[in-house]
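Novice: Sharing a model prediction with you, sequence too.
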Amino acid sequence: MKMIRPVAIAASISLLLSACGSEDQATGLAGNAGDNSLLAHVPAGSPYLVANLAPTPDDVIDSFLTQAEPVLATMQRELVSVRQQLESDPGSADQGSRLALAVLRELDGKLNRDGLESLGFDLQAEKVLYGMGAFPVMRMGLSDAASLNATVERILANAGITAPQLQLQGKSYWRIVADADSGDELPAGLFIAILDDHVAISLLPTASEQQLLPRFLGLEQEAASDARQRLQAINSHYGYQPYGTGVLDLKLLANEFFSADSSLNGALAASGMSIPADLSAVCKQEISGILERTPRLILGTTELTAKVMAYQYVLETQASLAQELVALVADVPMVPQQSARLMEFAFGMKFGPVRDFLTQKTQAITEAPYQCEQLQDLNEGAAEALQQLQQPMPPLVNNFRGLRLSLGQLSASGMIPDQVAGMLSVHVDQPEMFVGMAQMFLPDLSNLNLKKNEPPVPLPANLLPLPNAVGHAALSDSAIGVSLGAGEETGLLPWLQQKADNKGSFLSVNYDTVAYMDLTRDFNDSMQALAESAAQENGEEANQFAAAKEIADAMEQAYREVAGRTYLNLRFTDDGFVADSRMTFR
């Protein structure tokens, strides 16, 4: 029996637990406030680390669960249906089906906060994901470890599955290892332990099990964990809130591969492999040099309430490289964080200087190519790129500075728009030159009397993309703009004359989330139809797919009820490349 419905239900519950544990609210805590006792398990210098320093407030969890009630109701109906089908299906005698049935029985009637917490889960849980060397470890706090342990034991007993726990110095754990003939170059096992106050999950190499397992089980405490200080320093520097901060240190991660005495290479050595032996000294030097330019990837929470969820991602760069990138940004106004338009988009980069920047970087590689064998593709790519960059560029392209779009209305029948209202602008060094070139290619524009900073003029009807459309054009000191739709021309010139206050931003977009979902519905429906067709090998699979689709539709509808706007902003700063993402809810 195909287990599409149980898998869909399990995935939905996992998303629910994850969202409840991260949909936090700003409660006035500073970026360094709060604590997370699980950070004591993180070794000093862990190459990657993600954790929260403050728990989720009760009112935000309750608000989220209220919004999710339609999804929970649909999932509960599916639980009953799947249980009945599994109990009556002769094929349910196989182990996978028995386990699914046991899980569904355990969840029946418990798809709510009290029910989930009765199983041992904590919707305000502390969480941490980190590297024990290169190997991932995840820890999540529990409301009652004994309850969760009893839940797992009931599920296994009801499924008739024997999975005895192993013991090490009084600590119990499960160990799931791939078959010996699986072909894995580095044999590893999945380790799960329900400890005193949290659950721990890790993927560890079996060759290093004896060395790593005591630390995984908390039998050996980290003598000098710096996890809390690292996260607090990041929050302080970037102004993040304490509801989820992460760091990936590329240099520290590379050391796990380069160092002969790392836990990774210790495990590889036991399998007859060695990364340090396969990498020459020049390779290590050149790879380290590349990583020096972008040493860390940062994640932080900038705003998190029941109505707003905003995150920031930073790829830190060398100071000199950061300054070069900032200089490439053009003075093109970006979209506002708050907007009432259907969608706004802005992009601004100096194409001429960008070309010079790329030429300089690729030429540096071709003049002093990498000697490392593993980096030869970079040499070839640089040579090909340099050849393309040295081709002559039209003056218009070389003087291009950016593009902006502001849509007030857009409706479509299928993939073709039938009604559009909005404004579009192209930013160049000399907008008159742009107009002159357009008149050369489109003689109907020859009578267009455009003058800088004067009211918009009508566009010829035969050049407009839609019948009975109204279009206008206008010029500012740095852009040419067109409007489409009656009344849009009144805001065209002020829009073109807006002053840029980019602070390094070169791309931004702001759109109504539900409207976007509506516009992409036809495409999504066609993709869903293809998936359904592929799944319909027999009537049973069609029913399974329909049930999974019902859950997905309920989740989408619940999101539609609360979704507001989506905002994205990309910029270069003295720290490096920064991406801001913000979603609002009604």
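Specialist: Sure thing, it's come through.

Novice: for the stretch 101-250 of the chain, what are the low-confidence residue spans?
Specialist: Flagging of the stretch 101-250 of the chain using pLDDT under 70 yields the residue ranges 178-186.

Novice: one more time with 80, if that's ok
Specialist: By pLDDT under 80, the low-scoring segments of the stretch 101-250 of the chain are 101, 104, 111-113, 116, 123-124, 159, 161-163, 176-188, 207.

Novice: P455 in helix, strand or coil?
Specialist: Under the three-state scheme (DSSP: H, G, I helix; E, B strand; the rest coil), P455 adopts coil.

Novice: mind checking pLDDT for it?
Specialist: P455 carries a pLDDT value of 93.

Novice: and if you look at N524?
Specialist: In this prediction, N524 carries a pLDDT score of 62.

Novice: All the strands of the stretch 451-586 of the chain, residue numbers only.
Specialist: For the stretch 451-586 of the chain, the strands defined by DSSP state E, counting those that start in this stretch occupy 457-458, 471-475, 479-484, 505-512, 563-572, 576-585.

Novice: Point out the one among these that comes closest to Y370.
Specialist: For the strands of the stretch 451-586 of the chain, proximity to Y370 was assessed by C-beta to C-beta; strand 576-585 is nearest, at 22.7 Å. Placement of C-beta: from N, CA and C, glycine included.

Novice: what's the average pLDDT for the closest one?
Specialist: 95.

Novice: would you list every one of the strands in the stretch 251-400 of the chain?
Specialist: For the stretch 251-400 of the chain, the strands defined by DSSP E, counting those that start in this stretch cover 296-304, 308-316, 343-348, 400-413.

Novice: okay, now E78: neighbour count?
Specialist: For E78, the count of nearby residues is 21 (other C-beta atoms under 10 Å).

Novice: Dump the strands of the stretch 451-586 of the chain into CSV; add mean neighbour count and distance to G218 as well.
Specialist: Shown next, in CSV, are the strands of the stretch 451-586 of the chain (neighbours: other C-beta atoms under 10 Å; distance: least, C-beta to C-beta, whole Å):
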stretch, mean neighbour count, distance to G218
strand 457-458, 14, 74
strand 471-475, 22, 67
strand 479-484, 23, 61
strand 505-512, 21, 45
strand 563-572, 19, 40
strand 576-585, 19, 35
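
Novice: Name the nearest residue to A224, ignoring sequence neighbours.
Specialist: Closest residue in space to A224, ignoring its immediate chain neighbours: A44 at 4.9 Å, by C-beta to C-beta, 6 or more residues apart in numbering.

Novice: so what's the one you found up against?
Specialist: Each residue near A44 by C-beta atoms under 8 Å, 6 or more residues apart in numbering is listed here: E222, A224, S225, D226.

Novice: Next, work out how far apart the closest residue to A383 other than its chain neighbours and E286 are.
Specialist: Excluding its sequence neighbours, the residue lying closest to A383 (C-beta to C-beta, 6+ apart) is T366, at 5.4 Å. Per C-beta to C-beta, to the nearest Å, T366 is found 15 Å from E286.

Novice: who's more crowded, those two?
Specialist: Neighbour comparison, T366 and E286: the larger count goes to E286, with 17 against 13 (by other C-beta under 10 Å).

Novice: which residues touch the nearest residue to that one once chain neighbours are set aside?
Specialist: Nearest residue to E286, sequence neighbours excluded (C-beta to C-beta, 6+ apart): C372, at 4.8 Å. By C-beta under 8 Å, 6+ apart, the contact set of C372 is L279, S280, V282, C283, E286, I287.

Novice: For Q84, see how far away the first one is.
Specialist: Think L279. For L279, the distance to Q84 - C-beta to C-beta - is 58 Å.

Novice: which one of these two has more residues nearby?
Specialist: Legend: neighbour count by other C-beta under 10 Å for L279 and Q84, higher for L279 (16 against 10).

Novice: burial measure for the closest residue to the more buried one other than its chain neighbours, as a count.
Specialist: Nearest non-adjacent residue to L279, counting by C-beta to C-beta, 6+ apart: F258, 6.9 Å away. Around F258 there are 18 other residues, counting by other C-beta under 10 Å.

Novice: Make 39 the first number, not 1, from now on.
Specialist: Let's use 39 as the start, then, which means that last one is F296.

Novice: Quickly find the element holding the spatially most distant residue from the centre of the chain.
Specialist: Distance from the centre of the chain peaks at N485, with 49.3 Å (C-alpha atoms, centre = their mean). Of the helices and strands defined by DSSP states H and E, none includes N485.

Novice: so who does it touch?
Specialist: Counting by C-beta under 8 Å, 6+ apart, N485 has no contacts.

Novice: separation between it and V520?
Specialist: Noted for N485: a distance of 16 Å to V520, by C-beta to C-beta.

Novice: Over to L501?
Specialist: L501 is 10 Å from V520, where distance means C-beta to C-beta.

Novice: Surely V373 and L441 touch.
Specialist: No. Taking contacts as C-beta atoms under 8 Å, V373 lies outside contact range of L441: 12.0 Å.

Novice: Can you pull the residues that touch both of the two?
Specialist: F383, A384.

Novice: Who has more neighbours out of these two?
Specialist: Neighbour count, other C-beta under 10 Å: between V373 and L441, V373 has more, with 23 against 17.

Novice: per-residue confidence at the more buried one?
Specialist: We note a pLDDT of 96 for V373 in this prediction.

Novice: That one: what's it in contact with?
Specialist: Contacts of V373 (C-beta under 8 Å, 6+ apart): E382, F383, A384, S444, S546, V547, N548, Y605.

Novice: pLDDT and distance to T283 added to these, as TSV?
Specialist: What follows is the contacts of V373, written out as TSV (pLDDT from 0 to 100; distance: C-beta to C-beta, whole Å):
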residue	pLDDT	distance to T283
E382	97	30
F383	97	30
A384	98	29
S444	97	35
S546	97	24
V547	97	25
N548	97	25
Y605	97	21
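
Novice: If we only consider these, which is nearest to V190?
Specialist: Y605 (41.6 Å).

Novice: Apart from its neighbours in sequence, what residue is nearest the closest one?
Specialist: R620 (4.3 Å).

Novice: Pull the contacting residues for that neighbour.
Specialist: R620 makes contact with T340, E341, V346, M347, A348, Y349, Q375, T604, Y605, L606 under the criterion C-beta under 8 Å, 6+ apart.

Novice: On the strand side of things, show who I230 bridges to.
Specialist: W212, I239 (DSSP bridges).

Novice: Pull the most distant pair out of the contacts of V373.
Specialist: For these, and using C-beta to C-beta, no pair is farther apart than S444 and Y605, which are 14.3 Å apart.

Novice: The residue lying closest to D369 once chain neighbours are set aside and A384, how far apart?
Specialist: Spatially, and ignoring its direct neighbours in sequence, D369 is nearest to A538 (4.1 Å; C-beta to C-beta, 6+ apart). To A384, A538 is 9 Å away according to C-beta to C-beta.

Novice: These two: who's more crowded?
Specialist: More crowded of A538 and A384, by other C-beta under 10 Å: A384, with 25 against 17.

Novice: and whichever strand or helix holds N273, how far from the chain's centre?
Specialist: Element membership for N273 (DSSP H and E) is helix 265-276. Going by C-alpha atoms, centre = their mean, to the nearest Å, the spacing between the C-alpha centre of helix 265-276 and its chain's C-alpha centre is 21 Å.

Novice: Pull out the buried residues from it.
Specialist: A265, R266, R268, L269, Q270, I272, N273, Y276 (16 or more other C-beta atoms under 10 Å).

Novice: I figured the fifth one was touching L91, is that so?
Specialist: Read that as Q270. Yes. Under the criterion of C-beta under 8 Å, Q270 makes contact with L91 at 7.3 Å.

Novice: one step back: worst average pLDDT in the strands of the stretch 289-438 of the chain?
Specialist: Lowest mean pLDDT within the strands of the stretch 289-438 of the chain: strand 438-451, a mean of 89.
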